[in-house]
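Undergrad: Output the structure for:
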Amino acid sequence: MRRVIVVDGTFLKNKYKGVLLVATTVDGNTNLYPIAFGVVDSETGDSWEWFLRQLKVVIADSKDLAFVSDRAASIAKALGNVYPRSRHGICIHHLLTNVVKNFKTKGLSSLVEKASQAYRFPEFQERFTEIVEMCPALGRYLQEADVRKWARSIFPGARYDIRTNNPAESINSVRRSPRQYRVIPLLDSIREMLTRWFYERRMLSSKHIDPLTVKVEKKIDRRIVKAKGFQVYKVDNYRSLVKGDKYDCHVDLERRTCTCMEVHRFTDGVYTTATWRTANVESINPIAVPEVDWNVPAEVKLAKVLPPEARKSFGRPVKRRYETVEDKIRSSQG
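TA: Here you go, the predicted model:
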């Protein structure tokens, strides 16, 4: 997988409430790849720390690992305790939502989004200077949010262009109806979903013959078509200056430092078809033994597990998806 784990929590709608915690990654074909689920009472620091400690049993702390979440202090603290070497990025969607809510000057949210998307530090610095000049208070707010966590150009690790916690929120959205179930049926519905996903992806990847995954090959094809319109100026027999739509690049054919020569050689291994197949090679199996035949330890049989305290909620639960800040920005830009 891409070495980025997105974590998020969503409220359960059953009688006893609670929260479903999710950790998910994104595979080389840009498909959601859930790796952990947990049910807790609420999103507290203790709950997140317990969840992350279970996750750490299978995914070790590492400086080349990154997490993406919302700005919840409980998540940041738990990550600092359990994964101190890993990098932590915050969801740009949540940051933009707060900008729109607290700073009313027109155009600010668009500038923040452009600053966060910048690949090069000079471009980021130019955008951030504009923001500070227009609204010094917003500049201070963005610095307090820790620029390294939301600006692509100065993030200390690799985020693989995963800038929001949408992967985890999408998993939660898929589980909208099962969130009304009690815990065991909820977890079984998750298992059924993963059984189906792994089978379908295993079949798709087994038939794919290109070196890279389906979606990556399509992305490269689009960029090759776009690159055909660039102007090329020869420097010598091997070197050229390529004038792109935003930046000028130097290409050295002798040293093979340009991806336009043989693009597959310069692609991260996570996007190869071989890695994609490996990610889905195993099956997610149902529990084959009927419950009446389970070998339950005596201490479990004797344990008295009481249900959590519950009270009936008033009003109808909201299930409608609201327009995101990014949607509003795109619509305003035409």
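Undergrad: Only C-alpha atoms from now on, for both contacts and neighbour counts.
TA: Noted.
Undergrad: elements contacting the helix or strand containing Leu186?
TA: Here Leu186 is covered by helix 183-207, with elements defined by DSSP states H and E. For helix 183-207, the contact count by 3 or more C-alpha pairs under 8 Å, 6 or more residues apart in numbering; DSSP states H and E identifies helix 273-279 as packing neighbours.
Undergrad: Now do the helix it packs on, average pLDDT.
TA: For helix 273-279, the mean pLDDT works out to 90.
Undergrad: now do stretch 175-187
TA: 81.
Undergrad: List the contacts of it.
TA: With C-alpha atoms under 8 Å, 6 or more residues apart in numbering as the contact definition, stretch 175-187 has outside contacts at 11-15, 39, 189-190.
Undergrad: now stretch 107-116
TA: The list of residues contacting stretch 107-116 from outside it, by C-alpha under 8 Å, 6+ apart, reads 92, 96, 99-100, 123-125, 127-128, 130-131, 134, 150-153, 329.
Undergrad: redo that, cut-off 7 Å
TA: Where contact means C-alpha atoms under 7 Å, 6 or more residues apart in numbering, the residues beyond stretch 107-116 that reach it are 96, 99-100, 124, 127-128, 131, 150-152, 329.
Undergrad: For the stretch 101-250 of the chain, give me the ranges with low pLDDT.
TA: 245-247 (pLDDT under 70).
Undergrad: Run through the strands of it in chain order.
TA: Secondary structure of the stretch 101-250 of the chain by DSSP state E, counting those that start in this stretch: the strands cover 231-234, 239-243, 248-252.
Undergrad: can you list these in a markdown table and add mean neighbour count and distance to Glu113?
TA: Written out in a markdown table, the entries for these read as follows (neighbours: other C-alpha atoms under 10 Å; distance: least, C-alpha to C-alpha, whole Å):
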| stretch | mean neighbour count | distance to Glu113 |
| --- | --- | --- |
| strand 231-234 | 13 | 29 |
| strand 239-243 | 16 | 25 |
| strand 248-252 | 16 | 24 |
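Undergrad: Rebuild those strands as CSV, extending it with distance to Leu204.
TA: As requested, the strands of the stretch 101-250 of the chain are exported to CSV (distance: least, C-alpha to C-alpha, whole Å):
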stretch, distance to Leu204
strand 231-234, 38
strand 239-243, 37
strand 248-252, 36
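Undergrad: Of the ones you listed, which is nearest Tyr33?
TA: strand 248-252 (35.4 Å; C-alpha to C-alpha).
Undergrad: hey, what's Val4 bridged with?
TA: Going by DSSP bridges, Val4 is paired in beta bridges with Ala66.
Undergrad: List the buried residues of the helix holding Leu186.
TA: By neighbour count on 16 or more other C-alpha atoms under 10 Å, the buried set for helix 183-207 is 183, 186-187, 189-191, 194-195, 197-198, 201-202, 205.
Undergrad: ditto for stretch 6-24
TA: Of the residues in stretch 6-24, those buried under the neighbour-count criterion (16+ other C-alpha under 10 Å) are 6-13, 15-24.
Undergrad: residues contacting Val235?
TA: Contacts for Val235 (C-alpha under 7 Å, 6+ apart) come out as Leu241.
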